[in-house]
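> What follows is a predicted protein model with its sequence.
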Amino acid sequence: MRCAFILALCSLLFAGCITHGSKTTGNPGGSAEATARSDLTVPGPVQVVGRVIAVDMRTLAVIVELAPYSVLPTNYSDSILISRRDDLQPTARLQGSPYLQGRALGTRLLAGQPQVGDEVIFPPTIR
């Protein structure tokens, strides 16, 4: 019984020492390190929609398979989208349409020549 009590006490002290961590020195109000860390959590300016899975040049229809975690805005049917190759060079401008069936989004080709496999993004917003 006494051995179990000592073991439990040592475990609590050890856990307390581990979770205590190191204290930062310098300006407690706001350091450059804290500012740099907060910048890392800001999302990038480009939102990936998905990849081109079909192109019909006769009807100017482009079908995009949505990325697994992409979130479309409420007005996606009026949105302008950009398709780009893997080297990030733009290949076409697309316009979203109300056609959304499962993970497939129908778009209309406005300009350019998209290829199957091109990444589709919302244009970056300038802040």
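That came through, no problem.
> drop to CA atoms for contacts and neighbour counts, all remaining ones
Fine.
> Next secondary structure after the lowest-mean-pLDDT helix or strand in the chain?
Scoring the helices and strands of the chain by mean pLDDT, DSSP states H and E places helix 32-39 at the bottom, with a mean of 55. Tracing the chain C-terminally past helix 32-39 and defining elements by DSSP states H and E, one meets strand 47-56 next.
> list the buried ones in that following strand?
47, 48, 49, 50, 51, 52, 53, 54, 55 (16 or more other C-alpha atoms under 10 Å).
> so what secondary structure elements neighbour it?
strand 61-66, strand 119-122 (3 or more C-alpha pairs under 8 Å, 6 or more residues apart in numbering; DSSP states H and E).
> if I look at the most centrally placed residue in the chain, how far off is residue 58?
In the chain, the centroid-proximal residue (C-alpha atoms, centre = their mean) is residue 47; its distance is 6.1 Å. Using C-alpha to C-alpha, to the nearest Å, we find residue 47 at a distance of 29 Å from residue 58.
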